[in-house]
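J.: How does the following fold in three dimensions:
(chains A and B)
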Number of protein chains: 2
Amino acid sequence: MSEAGVKFELSKEYLDLVVQAIERADNAFILETMEGVDPADISQLLEEATPENTKFVLDLLQNEVGAEVIEELEEDTRQDFLKELNPEEIAEYIEEMDSDDAVDVINDLPVRVREEVIAAIKDPESAAHIQELMRYDEDCAGGLMAKEMIVANVNWTILQTIEEIRRQAENVDKIYSIYVVDDRQKLLGKVSVKRIILTNDTTHIKDIYDEDIKAVETYMDEEEVADIMQRYDLDAVPVINLQGKLVGRITIDDIVDVITEQAEEDMQLMSGISADVEEDDSIWAISKARLPWLMIGLVGGTLGAWAIGFFEGDLESNAALAFFIPLVMATGGNVGIQSSTLVVQSLANRSAFTESFSKRIGKMFLVAIFTGVVLAAISFGIVYIWKGDADLGKVVAISLICVIMLASFTGTSTPLILDKFGINPALASGPFITTTNDILGIIVYLAIANVLLS
Amino acid sequence: MSEAGVKFELSKEYLDLVVQAIERADNAFILETMEGVDPADISQLLEEATPENTKFVLDLLQNEVGAEVIEELEEDTRQDFLKELNPEEIAEYIEEMDSDDAVDVINDLPVRVREEVIAAIKDPESAAHIQELMRYDEDCAGGLMAKEMIVANVNWTILQTIEEIRRQAENVDKIYSIYVVDDRQKLLGKVSVKRIILTNDTTHIKDIYDEDIKAVETYMDEEEVADIMQRYDLDAVPVINLQGKLVGRITIDDIVDVITEQAEEDMQLMSGISADVEEDDSIWAISKARLPWLMIGLVGGTLGAWAIGFFEGDLESNAALAFFIPLVMATGGNVGIQSSTLVVQSLANRSAFTESFSKRIGKMFLVAIFTGVVLAAISFGIVYIWKGDADLGKVVAISLICVIMLASFTGTSTPLILDKFGINPALASGPFITTTNDILGIIVYLAIANVLLS
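T.: I've put the predicted structure just below:
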């Protein structure tokens, strides 16, 4: 066989070989080349395959591997693929997943299919876990947590705890800590695996457990959870309900995803892309995500045109006035984005010592004065040397100071206000605010010109 | 005592109480309220204190706690604080730190102090580890890794491995996996702690270890390491040198920091802030970080003014032409940022199936045509209805299509080119490109007007 010795490689060429193998039903080729390959890599390869071909490949692999591949697929690819399966087949994969991943997959299914899948899950404990987790909002601690963890009763011995680890060995991939609870499942503390290894088997948990434990509550926002895990360098954090009972565990890999998604969302808001699109999405999807903000820009531009219209007389008598519209506009835009980004970043790293609103505005004001004066002086020099017109120079310089102050104010206050209303403050660095600053800048500039030059 | 019962709380009020306690040398108050508090919280509190007061507090705490507090301080606060200590005092704290954190702290010291500190470290193994790690660049795997980890020889029994864990118990905080090496320290695989707990003491490591292990090489870029750990959901990854010998370990908490810093850097580049400043830095520091990009904007604006100057005659005969300069400019800016952000995000999630340069440009072209035609049609309608001037409407509409195509091209190609030269592509969403697009937009618009309206 010509492909003898071909090994799995993430490439278009290998994918073509896999597709050819599927066409001639050469299962051996697929099994052989994918053996021992990380499911994340298989997933990335199948991202480029048709749903039918994905099904063909996954049918060949063990359900356990297949489940991991499915978890790692991107949402839209996964949705297309799952349409190829009946509820029983989906349920078989679901049973191989950790409860949090299972819920993520199920939540993407149409409501009717969801119920059929849950009904088809054979293990009653799995089904109960999934139904419990589905009650929580996706963006809170309850929506991130998994039911898989090692829990020890405070009255157990080390030996009993090891027995529990053995019982759960298949379910719990990574242990991190063993959580200690009382008879009512109230979280009391933790024991590290290191401790378990180094302690005598007959010792009781109550004599060695560590009461100093950080836990989060089910309703806590995912970003707050990320913040806590990052600040205290936690690999996993137990989740408790309002009664203090241990109900689940969040692991750091989920938090890494939260942080990455948050950064991507901020970037998209800042750049005016309205949906979660990627470069490899369809032309239609990309256009649809881009058009809304471009429309807003268009409306803003029209309002700008309308504002300039009021000063048509000034422009007719002094066409050079139009020359500096872009300069004033661009400076306003840049200052606004800079100001809002600084606020957005400080909101992301909130601390008890964050400055008050008035102090922030005061500081913003001083920075604006300082940068404004520097830029005004330079621009006066440019206009005076180039045009030999001190009056026009004055207009540009004074406008710049005013526009910088105004843009600093909107740039600083908008993210703070958005944040108060629970809206992502990164929106304030986006096209909407830039457009607003543009229009304000034009009006300020032409109004000052109108007063000083007439 | 009136403060009886006051507990540690991250607040200005508590900080004031601590400062008062320092003044009257009330050590008991400080010790009592800070007992059992997480070092990360003490660190955040001391972030607001003077270096002298920080020293006073840390002198009261155990060196182990103090070391963690120092690790968590922000770079500039830490530098100021360490000036209060002599090299021997610094060395005492250094000895309590993991090797990677120790190197981070030492690297921030002046070169002369650095050597004195290393000479003052009592444990020769610690000193050797630190000197080894200092050889690596901060941004690569070698610069991120720590020497603390559990390593087992493939010929050992479980019992011998447990002995090694006991020996290292104090140094290695979190075990994750036990790395398996041969007699020459070549990395062979790993054993999970779960496996250690569940396996008989007399079993040999060689019979149970897992050969399937992802490792990174010392010279690998930190972002690539982050990518691998994120893709394969790893908590820790062993680092090997060119000979395949195990030399260290990178843990997920360091990678979370890499991801966060990367996101902040991207955001700052996009918003035109040139240094790593924060909202609570001094007015001078913030202004200094902002002025360079504002200057570039100013130069761009001046070039724009100069470009408009060529069309002074057109503007004098038709002042309404000036009205739509902002609209054309803003649309170009928005399209450019959108395009570059999409490319930046796809570069961040690089895969083997990333589209080729020509395919990307082709797709960008189609999206640009589509969005351009939609926006052109709307803007033609607006101009025609408002001004009743079909010719001006045509000029605006055609300009918009051209500007959108142009901005899409620069927005798509610039990040790809920057990336080729090893420059962070997020720069392409920043003020420099926006300014370039602004000027190009103005020239295109006025040139088209000049041709069509004359």
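J.: Just the pLDDT for the closest residue to chain B within the stretch 51-200 of chain A.
T.: Residue of the stretch 51-200 of chain A nearest chain B, by CB to the nearest CB: residue A:193 (4.6 Å). In this view, the C-beta of every residue, glycine as well, is placed from N, C-alpha and C. Model confidence at residue A:193, given as pLDDT, is 91.
J.: swap in residue A:199?
T.: Taking residue A:199 on its own, its pLDDT is 93.
J.: Kindly report the same for the one 5 residues further on.
T.: Per-residue confidence (pLDDT) for residue A:204: 97.
J.: quick one, strands of the stretch 51-200 of chain A?
T.: A:151-153, A:177-181, A:187-192 (DSSP state E, counting those that start in this stretch).
J.: Tell me which residues touch residue A:196, please.
T.: The contact partners of residue A:196, by CB atoms under 8 Å, 6 or more residues apart in numbering or on different chains, come to A:158, A:161, A:162, A:165, A:178, B:197.
J.: Please repeat the previous calculation with a cut-off of 10 Å.
T.: Shown in contact with residue A:196 (CB atoms under 10 Å, 6 or more residues apart in numbering or on different chains): A:150, A:152, A:158, A:161-162, A:165, A:175, A:177-178, A:203, A:205, A:208, B:193, B:196-197.
J.: Next: residue A:194.
T.: A:177, B:150, B:165, B:166, B:168, B:169, B:172, B:173, B:174, B:175, B:193.
J.: repeat that with 7 Å
T.: Residue A:194 is in contact with B:165, B:169, B:175, counting by CB atoms under 7 Å, 6 or more residues apart in numbering or on different chains.
J.: was I right about the last one contacting residue B:152?
T.: The reference is to residue B:175. No. Applying CB atoms under 7 Å as the test, residue B:175 and residue B:152 come out as separate, 11.3 Å apart.
J.: what domains does the record give for chain A?
T.: Using automatic domain parsing, the domain ranges for chain A come out as A:12-138, A:151-259, A:283-453.
J.: which helices and strands does whichever strand or helix holds residue A:450 pack with?
T.: In this assignment (DSSP states H and E), residue A:450 forms part of helix A:431-453. Applying 3 or more CB pairs under 7 Å, 6 or more residues apart in numbering or on different chains; DSSP states H and E, we find helix A:431-453 packed against helix A:283-309, helix A:312-317, helix A:325-348, helix A:390-420, helix B:325-348.
J.: pLDDT of the first one, averaged?
T.: Over the span of helix A:283-309, the pLDDT mean works out to 90.
J.: and the angle for it with helix B:325-348?
T.: In terms of direction (axes from the mean of the first three to the mean of the last three CA atoms, to 10 degrees), helix A:283-309 departs from helix B:325-348 by 150 degrees.
J.: Packing partners of helix A:283-309?
T.: Against helix A:283-309 (3+ CB pairs under 7 Å, 6+ apart) you get helix A:431-453, helix B:320-323, helix B:325-348, helix B:357-387.
J.: any idea which of those is most buried?
T.: For these, the largest average neighbour count (mean count of other CB atoms under 10 Å in any protein chain shown) is found in helix B:325-348, namely a mean of 27.
J.: Are that helix and chain A in contact anywhere?
T.: Yes. Helix B:325-348 is in contact with chain A by CB under 7 Å from any CB of the partner chain, via B:325-327, B:329-331, B:334-335, B:337-338, B:341-343, B:345-346.
J.: For that helix, give the mean pLDDT please.
T.: In the prediction, helix B:325-348 has an average pLDDT of 89.
J.: how distant is that helix from the center of its chain?
T.: Offset of helix B:325-348 from its chain centre (CA atoms, centre = their mean, to the nearest Å): 23 Å.
J.: my read is residue A:249 is in a strand, agree?
T.: Yes. If the criterion is DSSP: H, G, I helix; E, B strand; the rest coil, then residue A:249 is within a strand.
J.: Do I have it right that it meets residue A:234?
T.: No. At 10.8 Å, residue A:249 and residue A:234 do not qualify as touching, with contact defined as CB under 7 Å.
J.: neighbour-wise, which of those two wins?
T.: Remark: of residue A:249 and residue A:234, residue A:249 carries more neighbours, 24 against 21, as counted by other CB atoms under 10 Å in any protein chain shown.
J.: List of residues touching the helix holding residue A:450?
T.: So helix A:431-453 is contacted by A:272, A:293, A:296-297, A:300, A:303-304, A:307-308, A:311, A:314, A:318, A:321, A:325, A:328-329, A:332-333, A:336-337, A:340, A:391, A:394-395, A:398-399, A:402-403, A:406-407, A:410-411, A:414, B:326, B:330, B:334 (CB under 7 Å, 6+ apart).
J.: likewise stretch A:298-309?
T.: Residues contacting stretch A:298-309 (CB under 7 Å, 6+ apart): A:435, A:438-439, A:442-443, A:446, B:322-324, B:326-327, B:330-331, B:375, B:378-379, B:382.
J.: Next: stretch A:8-25.
T.: A:3, A:6, A:29-30, A:33-34, A:37, A:41, A:44-45, A:48-49, A:53, A:56-57, B:352-353.
J.: So for the nearest residue to residue A:146 once chain neighbours are set aside, what's the pLDDT?
T.: In space, and not counting its chain neighbours, residue A:146 is closest to residue A:100: 3.8 Å by CB to CB, 6 or more residues apart in numbering or on different chains. pLDDT, residue A:100: 95.
J.: Alongside chain B, which residues does the stretch 51-200 of chain A contribute?
T.: A:162, A:165, A:166, A:169, A:174, A:175, A:193, A:194, A:196, A:197, A:198.
J.: try 6 Å this time
T.: By the rule CB under 6 Å from any CB of the partner chain, the part of the stretch 51-200 of chain A lying against chain B is A:162, A:165, A:166, A:175, A:193, A:194, A:197, A:198.
J.: ok so, going back, nearest to residue B:131, out of the contacts of residue A:196: which one, please.
T.: Proximity of the contacts of residue A:196 to residue B:131 was ranked by CB to CB; the top entry is residue B:193 with 30.2 Å.
J.: Surely that closest one and residue B:175 touch.
T.: Yes. The criterion here is CB atoms under 6 Å, and residue B:193 meets it with residue B:175 at 5.4 Å.
J.: hey, where'd the helices end up in the stretch 1-150 of chain A?
T.: For the stretch 1-150 of chain A, the helices defined by DSSP state H, counting those that start in this stretch cover A:12-23, A:27-34, A:39-46, A:51-60, A:63-72, A:75-82, A:87-95, A:99-107, A:111-120, A:124-134, A:141-144.
J.: Could I get the ones you listed in a markdown table, plus columns for distance to residue B:189 and mean neighbour count?
T.: Compiled in a markdown table, those are given as follows (distance: least, CB to CB, whole Å; neighbours: other CB atoms under 10 Å in any protein chain shown):
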| stretch | distance to residue B:189 | mean neighbour count |
| --- | --- | --- |
| helix A:12-23 | 26 | 16 |
| helix A:27-34 | 20 | 16 |
| helix A:39-46 | 19 | 20 |
| helix A:51-60 | 26 | 18 |
| helix A:63-72 | 19 | 21 |
| helix A:75-82 | 32 | 17 |
| helix A:87-95 | 28 | 20 |
| helix A:99-107 | 26 | 22 |
| helix A:111-120 | 37 | 15 |
| helix A:124-134 | 31 | 17 |
| helix A:141-144 | 31 | 24 |
